[in-house]
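> Quick one: sequence plus predicted model below, questions after.
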Amino acid sequence: MPASNSTSAAPPAPRFAFGWAALVYAIATLALCYPALAGGFLVTTVSDQYIGGFPVREFGASVLSNTGGFALWNPYIFGGMPYVAGMHGDIFYPTFLLRAIMPVDDAMTWSFIIHFFFAGLLTFGFLRACGLAFLPALFGGLAYMMGGPIASYVSPGHDGKLYVSTLYPLALWLLWSGIREGRRWVWGALALVAGLAVLSPHPQLLQYMLLSCGAFALFLAFTDSGAGKLPTRVAVQRLAFAFGALILGGFIGAIQYNPVREYVAWSPRAGGMRSYEVATSYALNPEEMLGFVIPEFNGILENYWGRNGIHLHSDYLGVAVLVLVGLAFARNLSQVRKRFMWFWAITAVVGILWSLGGATPFYRLVYAIVPGTKFFRAPGTFFFVAWLALSTLAALGADRALRRDFTRRYLFGWGIAGGLMLVLALTGALVSLGTSVALPQRFDAVIANAGNITPGALRSLAFLMVTLAVLEATRLGKIPTRAAGWTLVAVIAVDLWSIERLYWRFSRPAAELYATDPAIDYIKKQDQPGRVLALGFGQTEGYHDPFLGGDALMVHDVRQVLGYHGNELGRFQRLTAKNEASEEQLQRLLGNPNFWKLTNMRYLLTNLPEQVFPGFTKVIGPIKNAAGSTTYLYTVPGDNPAAWVTPVIIEVPDDDAFAAVLDPRFDARQAALFDTSAGVTGKQLQALPAPLSLRAQITRYDPGHITVNLSEPAPEGSALVVSENYYPGWQAKVDGKPAVTGRADFTLIGVALPTGARSVDLTFESRPYEVGKAITLIAIVISLALIAVGVFLERRRRG
């Protein structure tokens, strides 16, 4: 460990140490990602990227390419929703530049690969800065990147989580350099790193990263570095700089989060999760900790039987890593090294307890005192913090191992544990444990997975024995220290690769995965826009078919009633009965003509034959879509236009409007039910007038821009209703003049028409986005200036 408060050299290392480390991590990366070199798309049918991630990124890249600006409105899913405010992935994170210069599927694949590589390299840099020798630091970085918590992010397609997990060791490295070593340029760099984490955008992991960084900053400021503690004034000053850098980083994220701030009140999560039980869902279950050692116990991917229902990531930590974690706890450490070790040991314990969620009382404390916790679920995602802590401990353990500072008794204990593990597998005790904790409906899955447990235990035992043999040979001096270190690097790499390779699955290029078909071609040929209700019933032939339950139709500029997102507008979610029982939702979607009219629903795309849907007319099918499902396209009964003109305006409170628009006695063409805050002048009526004969024709329907022409002049007091969700930022010009625009018919765009109106031009603009963009640019400039000034001051001090 460095023994000064200023810059100190790291322990001896080979020449070009960073280059050698980069080579090792590049080889490890290539061992998993090599299909990408032949054009493979790093996505599987279980991935979020397959059903939603690719379509929304393809859309964003297309808008950026065609207009030179970022998309602000997504008209293709859930009746239309804000693109930036609603959050559609890494819109402003630097990976958008990759999507601007290469096909989107290739860009997404390489975004994962690049961050996976840097997760290891940046951890190596952090550990070297903290005073670890080359080989232990190399081992720690390799463990972090190749371990299940990081390497398996690719399986569910969790790119935002990977981005934050990669930036985390870099942030720690900068904190060490700024607080312990007093480097002045660090604060601007830390602001940029924090800004990147904000733009990832994964607010949950961002919060976890900031909490951990805050704890580490306090540790650095107020503990002895080996040359005495920092003077209180200096410690407080550097903490203030660190805090200021994080605040500045928050401002860098304003382009994303200023629009989000406005959206919170409109989102389905405005009030947080529905309950503590929901907030603690998708936690690490206690029995799944056996997967740290025997990943087959819980069942890998489709063999998973646990209580979370799905488990697309890996819990495997590697037996070699865990052996070295135990070696970190040495009695004869210096006080400086011991404090460092205990900080990360405590961090690991806290991280595991947090990840366990509702399984322990600890999370009750978290839920009560940590701001924002009620808005998140899946506390298991905290585990990346625990994993970096464990990887750091493993590096400390490797340092001790290479110094031969351990006993045969320690190795013997691990050997006994490995033998016991095998006995439990061979006797069926692990299967019995699984059946005792599994949900009743998953009992058969436990039995089906039983055959994988013994081979898995044998695999883990084999790597354990190899690790113990290498350590014993090292202890006895039978192999040189350097050879022992490189052998351990190879063991950990192969051990973790043997499991994590199962999570790196590649698919055909996106052009094939999302290819068009006759149903899509039919919809695109129509002269007036209409939405498609895409529903897959039962297990579709194409598993997780993105055309029947995702956003794949976006790729072809086809608008959907539903889609895949999770943060759609709350009112539209209520309109579609998303949170109701499935029978009630199906009745709403398929049995309410008013719903069809409100949502411009003109087509049903499904995998069921026509006799199931009386009144619907089959126009295409049966056909095979690109996902392999047999599908049928039907037209929906009635006239369900994209826009219509009503003779009168009525001001109605939300709940009354919701009840009215779904009531079969209400005809949406007779009156526009505006929100009471819309600023329109409504009428008090005893009876509704007859619908108007004039027609509203859509002549332009681009993202964020809609033009409607009327077949004849609008009468006095009339209103245009457009089947697109209203959100602040929609503005209308009627015959070139501004007009009052507001929310009508519970969730749609309404425009009060002046007498004689013939043309309406609607555009979506976002003032919060424009303000946020300006703040972001200013914050980036300030951060770069801080780096430049810091470098200048550093050079002047040295000179």
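That came through fine. Numbering: from 1, shown residues only.

> surely Gly148 meets Val321?
No: with contacts counted by Cβ atoms under 8 Å, Gly148 stays clear of Val321, the gap being 10.3 Å. Where C-beta positions appear, they are placed from N, C-alpha and C, glycine not excepted.

> between the two, who's got more neighbours?
Shown here are Gly148 and Val321; by other Cβ atoms under 10 Å, Val321 has more neighbours (31 against 23).

> What strand or helix carries the more buried one?
For Val321, the element it lies in under DSSP states H and E is helix 319-327.

> just to revisit the earlier point, so what's in contact with Gly148 and Val321 at the same time?
Residues touching both Gly148 and Val321 by Cβ atoms under 8 Å, 6 or more residues apart in numbering: Leu496.

> Over to Phe674: give its phi and psi.
Here is the backbone geometry of Phe674 (degrees, to the nearest 10): phi -80, psi 150.

> count of residues packed around it?
26.

> can you tell me how far it sits from Glu262?
Look at Phe674 and Glu262: by Cβ to Cβ, to the nearest Å, they are 21 Å apart.

> Identify the residues contacting the helix or strand of the chain with the lowest mean pLDDT?
Least confident helix or strand, the chain: helix 582-591 with a mean of 88, by mean pLDDT, DSSP states H and E. Residues outside helix 582-591 that contact it (Cβ under 8 Å, 6+ apart): 533, 535, 561, 576-578, 580, 595, 604, 613, 662.

> gap between it and the chain center?
Chain-centre distance of helix 582-591: 30 Å, with Cα atoms, centre = their mean, to the nearest Å.

> May I have it as PDB, with CA atoms only?
Backbone C-alpha positions of helix 582-591 (Å, rounded to 0.1, in the frame of the first residue of the first chain) are rendered in PDB as follows:
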ATOM      1  CA  SER A 582     -55.500 -11.100 -17.900                       C
ATOM      2  CA  GLU A 583     -59.200 -11.900 -18.700                       C
ATOM      3  CA  GLU A 584     -60.200  -8.300 -18.000                       C
ATOM      4  CA  GLN A 585     -57.300  -7.000 -20.100                       C
ATOM      5  CA  LEU A 586     -58.300  -9.200 -23.000                       C
ATOM      6  CA  GLN A 587     -61.900  -8.100 -22.800                       C
ATOM      7  CA  ARG A 588     -60.700  -4.500 -22.900                       C
ATOM      8  CA  LEU A 589     -58.300  -5.100 -25.900                       C
ATOM      9  CA  LEU A 590     -60.500  -7.400 -27.900                       C
ATOM     10  CA  GLY A 591     -64.000  -6.800 -26.800                       C
END
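
> residue contacts, Glu58?
Here Glu58 is in contact with 104, 510, 554-555 (Cβ under 8 Å, 6+ apart).

> Report the backbone C-alpha coordinates of the helix or strand containing it in PDB.
Taking DSSP H and E as the definition, Glu58 sits inside helix 54-67. The C-alpha coordinates for helix 54-67 follow below in PDB (Å, rounded to 0.1, in the frame of the first residue of the first chain):
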ATOM      1  CA  PHE A  54     -32.700  -3.300 -30.900                       C
ATOM      2  CA  PRO A  55     -36.000  -1.800 -32.300                       C
ATOM      3  CA  VAL A  56     -35.800   1.300 -30.100                       C
ATOM      4  CA  ARG A  57     -32.100   1.800 -30.800                       C
ATOM      5  CA  GLU A  58     -32.600   1.300 -34.500                       C
ATOM      6  CA  PHE A  59     -35.300   4.000 -34.300                       C
ATOM      7  CA  GLY A  60     -33.100   6.400 -32.400                       C
ATOM      8  CA  ALA A  61     -30.200   5.900 -34.800                       C
ATOM      9  CA  SER A  62     -32.500   6.400 -37.800                       C
ATOM     10  CA  VAL A  63     -33.800   9.700 -36.500                       C
ATOM     11  CA  LEU A  64     -30.300  10.900 -35.700                       C
ATOM     12  CA  SER A  65     -29.100   9.900 -39.200                       C
ATOM     13  CA  ASN A  66     -32.100  11.500 -41.000                       C
ATOM     14  CA  THR A  67     -32.500  14.700 -39.000                       C
END
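
> Run me through the strand neighbours of the helix or strand that it is followed by, direction for each.
Remark: after helix 54-67, the chain's next helix or strand is strand 73-74, criterion DSSP H and E. Note on strand 73-74: by DSSP bridges, its sheet partners are strand 81-82 (antiparallel).

> Which elements pack onto whichever helix or strand comes after the strand it pairs with?
Next in sequence after strand 81-82, counting helices and strands by DSSP H and E, comes helix 95-101. With contacts defined as 3 or more Cβ pairs under 8 Å, 6 or more residues apart in numbering; DSSP states H and E, helix 95-101 has these neighbours: helix 54-67, helix 104-129.

> Please identify the deepest-packed of these.
helix 104-129 (a mean of 24; mean count of other Cβ atoms under 10 Å).

> Next, the angle from that one to helix 54-67.
Helix 104-129 and helix 54-67 are oriented at 100 degrees to each other (axes from the mean of the first three to the mean of the last three Cα atoms, to 10 degrees).

> which is the next helix or strand following helix 104-129?
That would be, after helix 104-129 and using DSSP H and E, helix 134-146.

> I'd like the next helix or strand past that following helix.
The helix or strand immediately downstream of helix 134-146 is helix 148-151, counting by DSSP H and E.

> Out of the contacts of Glu58, which is nearest to Ala171?
Taking Cβ to Cβ as the measure, Ala171 lies nearest Val104 of the contacts of Glu58, at 28.7 Å.

> How much space separates the closest residue to that closest one other than its chain neighbours from Trp110?
Nearest residue to Val104, sequence neighbours excluded (Cβ to Cβ, 6 or more residues apart in numbering): Glu58, at 4.7 Å. Remark: distance between Glu58 and Trp110 (Cβ to Cβ) = 16 Å.

> likewise Ile499?
Distance, Ile499 to Trp110, by Cβ to Cβ: 23 Å.

> How about Val721?
Val721 is 45 Å from Trp110, by Cβ to Cβ.

> and if you look at Thr166?
The spacing between Thr166 and Trp110, counted by Cβ to Cβ, is 14 Å.

> same deal with Gly372?
Distance of Gly372 to Trp110, computed by Cβ to Cβ: 32 Å.

> and what of Ala401?
Taking Cβ to Cβ, one finds Ala401 at 36 Å from Trp110.

> Over to Tyr410?
In terms of Cβ to Cβ, Tyr410 sits 42 Å off from Trp110.

> Domain boundaries for the protein, per the record?
Here the domain parsing of the chain from automatic domain parsing is 17-40+84-503, 516-635, 643-765.

> so which of those gets nearest Leu786?
With Cβ to Cβ as the measure, domain 17-40+84-503 is the member of the domains of the chain nearest Leu786 (3.0 Å).

> And for Ile51, nearest residue in space, chain neighbours not counted?
Excluding the flanking residues, the one nearest Ile51 by Cβ to Cβ, 6+ apart is Gly550, at 3.1 Å.
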